[in-house]
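S.K.: A structural model of the following input is requested.
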Amino acid sequence: MSKSQAVIYARQSSGCEDESESIEMQIKKCQELAEKLRLEVIGVYSDANCSGRLYPSGAEAVAELDEAFQDWHSQHTLEKKSRPGLQTAMSLLPQVDCLITYEITRLYRPVSQSFLQHYIDNQLIKHNVRIETVKDGSVNLSNFSDSLVTTIKSHVNDNQIQLNTEKSKMAMAKLKDDGIYPTMPRMYGIRYIGGKEKTVEVIEEQAEVIKFVFEQIIRLKPYNWIVREMNKRFPGRTSGKGFYASSLRNIAGQPFYCGYMLDTRGSLVKAKQMRGKEIISFETWNKVQKIMEKNRMEPQRRKKLSHPFSRLLYCGYCGARMVVGLDNGKTYYHCFHGANTLGNPDCRKARVTINLIRKPKMHTGLKDAVAPLLILSQYKELELNGEMIKKSGKLEGLKIELANFERRLEEAVSAYSEGGLGLELLQSVQRTLNGKIARLKAEIGKIENACANARQTEERAQEYLRKIDDLMKGEVEEHVYEDLLRSSVKKIRCFHDHLDFETVYGNFTLDRYMDGVFRNFPKFTYSVERAKDNPSGLRKSKVHVTYIYNDNKNENLIVDLEVMKIYEKK
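M.R.: Okay, the predicted model is just below:
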C-alpha cells in the first residue's frame, strides 16, 4: 500500500489546562499542511470539551491500571471519561503513514507518571506512523531524539499547567481576600453584570423580599410563618415554584446584602462590589445571625408562650439553672436539680414568679420589677459605638499596616513565579500574612461600620428614651423586651429573700416582697433626669428608680448613664 495517506485529529479543552485554537481552525490548518505535504486525508476526527489527559475510548483497561491518571481523575468531575474521536483516529493507523494534528499537546497532556503518552506513542511506533504538526513540525517517535524531546516537552507542559493553575488560584484568592468575588456565586436579589470591575446590581423587587425576611426574623416571627408570608406577599419573585425554608436560611445568612463577604479564611471583609448598594445594615444582619444561632442552640419553645428569662435564672443555693413551669396559667421558674436530684430543701425557696400579681397595689412579678434595668442595653450599644469611633483615629495607621502586609504577600508570590521561592515556603508565608491581613481587615471593617452607623445609634438611643414610659409600664412588645433583657442582664441568682443581678454595668440586689407565703417583688416609681444640653439624648441622662415596700424599707436605684454605673441606696 502506498504510504501517502493521513488522518487528522483535533482537540479543544473547556477547562483551564490550555488555551488553543478552535477545533474548526485546527482542522483548517491541518488540511492546509496536508495539502502542502501532498498527503491524502482519509479521515478527520476531533474531541470537543475533552482534557488532553484522558485516554482514547477502548483503552479503559489501561487507564484503570494507571494510578497517576486515576488519582487525577478522582479529583475532577468530568462529563466525558474518554476520547472517542481519538480512538476512531487511532483505529485508522494501520491504513496511514501520518497523523496530522495542530500541535503535539492535542494528542496528549499527560499528568506526571501517567502511562497515556507511552500508550499512544507505542501505537504510533507499532504501525510506523509519524506525527506531522502545524506548530511543532514533524515528529518520528521511532527516532530516539524525537521521542526524548517529545517526552521532555510533555513534562514541561504538565509542570507549566500546574504553575498556571496555582497562580490562577492565588489570583482568585487574592481577589476574594480584597473583597471581590472573582466568580459570582448564585445569590437571590443580586445580578452579575461583569466587566473589568466585576460589577453587580441589586434586583429591586427581590430586595423587598430580602428586607422583609430580616425584619420578620428580628421581630421573632416563626420561620414557617415567614415563608408562608413570603409566598403570599411576593408571588412570582423566585425562579422556582415558591419560597421554602432553605430560601429563608440562604437569604438570612448572606452577608453580601449588608456589604460584606467571607474571604478565603472565612472572615468577614468589606464587599467592594456592594459599596453603596447595601440592602440592609450590618447591624441588622449581625442581629439576625445572633437570633438564628440562639434558635439553633435552644430547644423548641412551647407555642404562644414567651419565656424571656430562660437561661438567665440560676438557683442561689445550688447554682443550677432554673426551669420554667406553669401554675394556674401563670409562669414561674424553679430549681429542679437542687430540689429533686440533690434533695436540698433551700432550693425550693428559690422559686420565682414572673407575672403573678395577687395584690396589685402592693407587689408585682419579676418581669415588671426588672424593667428599669433594661435601659442598660441601649447605653451599652452607645458605649461600644463610642469606643469604635475613638479608634477611628488609628484607622489610617491600620490601613497603612494592611497595605504593607499585602505588598509583602505580592512580593512573595512574584518571587515564587520567578523561581526564587519554593512552593512550600510560599504557602508558609501566605498562611502567616493572610492571618495578619484577615485580622486587620476585620478591625478596619468594625471601625468603619461603627462610624457609618454612629448617627443611627444615637437616633435609636433618643427614640428609646422617648419611649421609656412604655418600658416602665410593661407596654413594649415581647420580642423587644426579651432582646433588651438579654442585652442588659447577664445572670440572675435567686434566693429566698432577694435576687442578685449581674448586669453589663455592675451588680444589683433586689429584695423580694414577703406577703405571708408569697414571695414577690415590689413595685417602683421612677423619674428621668435629662441632660440640660441635650434633653432628648440618652448619653448624659440619669434614671432614678425607687422600689417601694410596705414596711417603708424602700430601695433606690440610680442608673447613671454618664459614668456608666448603677448606684444603690438603702
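S.K.: List the contacts of residue 56.
M.R.: By Cβ atoms under 8 Å, 6 or more residues apart in numbering, the residues touching residue 56 are 82, 83, 84, 86, 87, 90, 120. Quick note: C-beta positions are derived from backbone N, CA and C, even for glycine.
S.K.: what's stretch 75-89 in contact with?
M.R.: Under Cβ under 8 Å, 6+ apart, the answer for stretch 75-89 is 7-9, 11, 43, 45-47, 49-51, 54-60, 63, 99, 107.
S.K.: out of these, which are buried?
M.R.: Among those, those buried by neighbour count (16 or more other Cβ atoms under 10 Å) are 7-9, 11, 45-47, 50-51, 54-57, 59, 63, 99, 107.
S.K.: From the contacts of residue 56, list just the buried residues.
M.R.: For the contacts of residue 56, burial is judged from neighbour counts taken by 16+ other Cβ under 10 Å, and it is met by 82, 83, 86, 87, 90, 120.
S.K.: JSON lines for these, including secondary structure, distance to residue 34 and pLDDT?
M.R.: JSON lines is the format used below for the buried ones among the contacts of residue 56 (DSSP: H, G, I helix; E, B strand; the rest coil; distance: Cβ to Cβ, whole Å; pLDDT from 0 to 100):
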{"residue": "82", "secondary structure": "coil", "distance to residue 34": "26", "pLDDT": "90"}
{"residue": "83", "secondary structure": "strand", "distance to residue 34": "21", "pLDDT": "92"}
{"residue": "86", "secondary structure": "helix", "distance to residue 34": "18", "pLDDT": "94"}
{"residue": "87", "secondary structure": "helix", "distance to residue 34": "21", "pLDDT": "93"}
{"residue": "90", "secondary structure": "helix", "distance to residue 34": "18", "pLDDT": "93"}
{"residue": "120", "secondary structure": "helix", "distance to residue 34": "20", "pLDDT": "89"}
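S.K.: which one of those residues is nearest residue 371?
M.R.: Distance from residue 371 was checked for each of the buried ones among the contacts of residue 56 by Cβ to Cβ. The minimum falls on residue 82, at 74.1 Å.
S.K.: in stretch 335-351, what counts as buried?
M.R.: By neighbour count, and taking 16+ other Cβ under 10 Å as the criterion, the buried residues in stretch 335-351 are 335, 336, 337, 338, 339, 344, 347, 349, 350, 351.
S.K.: likewise stretch 196-211?
M.R.: By 16+ other Cβ under 10 Å, the buried positions in stretch 196-211 come out as 198, 200, 202, 206, 207, 209, 210.
S.K.: Among the buried residues of stretch 335-351, which ones are in helices?
M.R.: residue 336 (DSSP state H).
S.K.: min pLDDT across the buried residues of stretch 335-351, which one?
M.R.: For the buried residues of stretch 335-351, the least confidently modelled position is residue 339, at 68, judged by pLDDT.
S.K.: Can I get the stretch of helix or strand residue 89 belongs to as PDB, trimmed to CA atoms?
M.R.: Applying DSSP states H and E as the criterion places residue 89 in helix 84-91. Extracted C-alpha coordinates of helix 84-91, given in PDB (Å, rounded to 0.1, in the frame of the first residue of the first chain):
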ATOM      1  CA  PRO A  84     -14.000   8.700  21.200                       C
ATOM      2  CA  GLY A  85     -12.600  10.900  18.500                       C
ATOM      3  CA  LEU A  86      -9.000  10.000  19.300                       C
ATOM      4  CA  GLN A  87     -10.000   6.300  19.400                       C
ATOM      5  CA  THR A  88     -11.500   6.500  15.900                       C
ATOM      6  CA  ALA A  89      -8.500   8.300  14.500                       C
ATOM      7  CA  MET A  90      -6.100   5.600  16.000                       C
ATOM      8  CA  SER A  91      -8.200   2.800  14.500                       C
END
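S.K.: how distant is the helix or strand that comes right after that helix from the center of its chain?
M.R.: Sequence-wise, the next helix or strand downstream of helix 84-91 (DSSP H and E) is strand 98-101. On the basis of Cα atoms, centre = their mean, to the nearest Å, the separation between the geometric centre of strand 98-101 and that of its chain is 51 Å.
S.K.: Packing partners of strand 98-101?
M.R.: Taking 3 or more Cβ pairs under 8 Å, 6 or more residues apart in numbering; DSSP states H and E as the contact definition, the neighbouring helices and strands of strand 98-101 are strand 5-12, helix 23-36, strand 130-133.
S.K.: Most tightly packed of those?
M.R.: Across these, the average number of neighbours (mean count of other Cβ atoms under 10 Å) peaks for strand 5-12, which reaches a mean of 24.
S.K.: helices or strands next to that one in the packing?
M.R.: With 3+ Cβ pairs under 8 Å, 6+ apart as the test, strand 5-12 has helix 23-36, strand 40-48, helix 84-91, strand 98-101 packed against it.
S.K.: burial measure for residue 496, as a count.
M.R.: Residues near residue 496, counting by other Cβ atoms under 10 Å, number 14.
S.K.: Now do the same for it: helix, strand or coil?
M.R.: In three-state terms, and counting by DSSP: H, G, I helix; E, B strand; the rest coil, residue 496 is coil.
S.K.: quick one, what contacts it?
M.R.: When contacts are counted by Cβ under 8 Å, 6+ apart, residue 496 is found next to 346, 349, 350, 512, 519.
S.K.: Looking at those, spot the one nearest residue 27.
M.R.: Here the nearest of those to residue 27, counting by Cβ to Cβ, is residue 350; it sits at 87.1 Å.
S.K.: of the buried residues of stretch 196-211, closest to residue 253?
M.R.: Residue 253 has its nearest neighbour among these in residue 210, at 11.8 Å by Cβ to Cβ.
S.K.: Against which helices or strands is the host helix or strand of that closest one packed?
M.R.: Per DSSP H and E: residue 210 is located in helix 204-218. Contact here means 3+ Cβ pairs under 8 Å, 6+ apart; on that basis helix 204-218 packs against helix 223-233, helix 245-252, helix 282-297.
S.K.: now those helices in TSV, with mean pLDDT and mean neighbour count?
M.R.: Rendered in TSV, the data for those read as follows (pLDDT from 0 to 100; neighbours: other Cβ atoms under 10 Å):
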stretch	mean pLDDT	mean neighbour count
helix 223-233	90	15
helix 245-252	92	16
helix 282-297	84	15
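S.K.: Find the nearest non-adjacent residue to the residue positioned nearest the centre of the chain, please.
M.R.: Among the residues of the chain, the smallest C-alpha distance to the mean C-alpha position (Cα atoms, centre = their mean) belongs to residue 262, namely 5.1 Å. When the adjacent residues along the chain are set aside, residue 262 lies closest to residue 268, with 6.5 Å between them (Cβ to Cβ, 6 or more residues apart in numbering).
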